[in-house]
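*Asks:* Quick one, what's the 3D model for this:
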Amino acid sequence: MTIDADAETPTLPGERIARYDLLGRRDTDYYAVFADIPEADRAAWERAKQFADEVGTRMQGEWDAATYPIELVRRMGELELFTDGIEHPDLPATSPLAAGLVNMEISRHDGSLATALAVQGGLALRTLALFGSPAQQQRWLQPLADGSVLGAFALTEPDHGSDSVSLETTATRTAEGWSLRGTKKWIGNGASGGITFVWARVENEGGDDHGAVRCFLVEQDTPGYTGTVITGKVSLRGIHQAHIALDDVHLPEDAVLPGTHTFKDASIVLFATRSGVAWSALGHATACYEIARTYATERMQFGKPLAKFQMVQERLAQMLDEVTAMQLYCRRLADLETTGGLRPTQASLAKYHNTRAARRVASVARDLLGGNGILLENGVMQHLADIEAIHTYEGTESVQALLLGRDITGMSAFV
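*Replies:* Residues are numbered from 1 along each chain as shown. As a prediction, this is how the structure comes out:
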């Protein structure tokens, strides 16, 4: 099936979009890290490549206009790109390596769609698959997997980002079930008309579950639920993230996900998605390197291509060095996850390394393009801005460092 990538595409000022686009290049694998991947994993990667090639240029316009093309998110579901390595009998089997390659490829073209991929599959679908009741899964698992229903994961609050364990949103028992009160922030798909998995602390004085952290499945048209799209973003502009107000949202008893009881359950989901952030950073960095390399070979200055200058070649070598190291991190990460041997702090180290490296690659690439580096049509500035968001979400650099420090020393520096 072919995607109409140009339908209702917002136009950009200036020259044509993506003059120095990726040009179909697939050879940024200096150590042949991905030369031996299994055929099934390669097939998933190819589906992601085809989709991303068709919509990447359109997404520059969506990013510039800060519009969210929900139909493209649903198309990823049709292509079975949301399963994110989740093991479930009712979902197509996808290995951790395939999930990583898909994430990398979508990010290589557009960070907003990659974030939508992470929210829909890595967070919402995984939460339901791990903790939902049979009835909840029967009703919602396939719609989330195929993208016909958009899913959100509401944990972060206005006053609790890195300190999300201190969440203030409350769930109070009622005669009919539950009542939710509180606010959430930065919730992808939180105002897109689908369902939201809301994490809240139980208020039940004297009860056995007082203080427990539970997750609730909330349809976004439920009275008392208000999702407002956050405006003014200069990163990930092509996905809508929401500020959510929960004002006595009344839910039936069976709205709670029975497998959730403590904050550790939320952490299981977040741990799984940290691998995805490492892969996403690799995709962004790969794009920046490829754009810079192409630009250097085509841009003439002082009578010769930029690529013939020593300083430019050194910068390209620096970027290749970073990208290759990121690839090795990701491949090893996938191998460990496949065998069940991946520890949470190993995912933290990959996220810590790769988002930091991606920032460096994007910065060098932007500088190498000179004044043209700030033009959206050349791609690097969009990647640079989007990398700033992934560097922060799913655990900031400082939080990852403290997790690693605790693992290294056996002593916690969080408190």
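
*Asks:* average pLDDT for stretch 245-264?
*Replies:* Per-region confidence: stretch 245-264 scores 96 on mean pLDDT.

*Asks:* got the CA positions of that stretch in PDB?
*Replies:* Output of stretch 245-264 as PDB, limited to C-alpha atoms (Å, rounded to 0.1, in the frame of the first residue of the first chain):
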ATOM      1  CA  ALA A 245      -6.700  17.700  34.300                       C
ATOM      2  CA  LEU A 246      -8.600  15.000  36.200                       C
ATOM      3  CA  ASP A 247     -11.500  16.500  38.000                       C
ATOM      4  CA  ASP A 248     -13.500  13.800  39.800                       C
ATOM      5  CA  VAL A 249     -13.200  11.300  36.900                       C
ATOM      6  CA  HIS A 250     -15.600   8.600  37.900                       C
ATOM      7  CA  LEU A 251     -14.600   5.100  36.800                       C
ATOM      8  CA  PRO A 252     -16.100   1.600  37.300                       C
ATOM      9  CA  GLU A 253     -14.300  -0.900  39.500                       C
ATOM     10  CA  ASP A 254     -12.900  -2.800  36.500                       C
ATOM     11  CA  ALA A 255     -11.100   0.300  35.100                       C
ATOM     12  CA  VAL A 256      -8.000  -0.500  37.300                       C
ATOM     13  CA  LEU A 257      -5.400  -2.600  35.700                       C
ATOM     14  CA  PRO A 258      -5.200  -5.600  38.100                       C
ATOM     15  CA  GLY A 259      -1.500  -6.200  37.600                       C
ATOM     16  CA  THR A 260      -0.500  -2.800  39.000                       C
ATOM     17  CA  HIS A 261       0.100  -2.400  42.700                       C
ATOM     18  CA  THR A 262       3.300  -0.300  43.200                       C
ATOM     19  CA  PHE A 263       5.400   2.300  41.500                       C
ATOM     20  CA  LYS A 264       7.800  -0.600  40.500                       C
END
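
*Asks:* What are the buried residues along that stretch?
*Replies:* Buried residues in stretch 245-264, counted by 16 or more other CB atoms under 10 Å: Leu246, Val249, Leu251, Ala255, Val256, Leu257, Gly259, Thr260, His261, Phe263. C-beta: built from backbone N, CA, C; applies to glycine.

*Asks:* now, which of those sits nearest Ala357?
*Replies:* Set against Ala357, the nearest of these by CB to CB is Phe263 (30.0 Å).

*Asks:* wait, the closest one sits on Val165?
*Replies:* Yes - proximity of Phe263 to Val165 meets the contact threshold set by CB atoms under 8 Å, at 5.1 Å.
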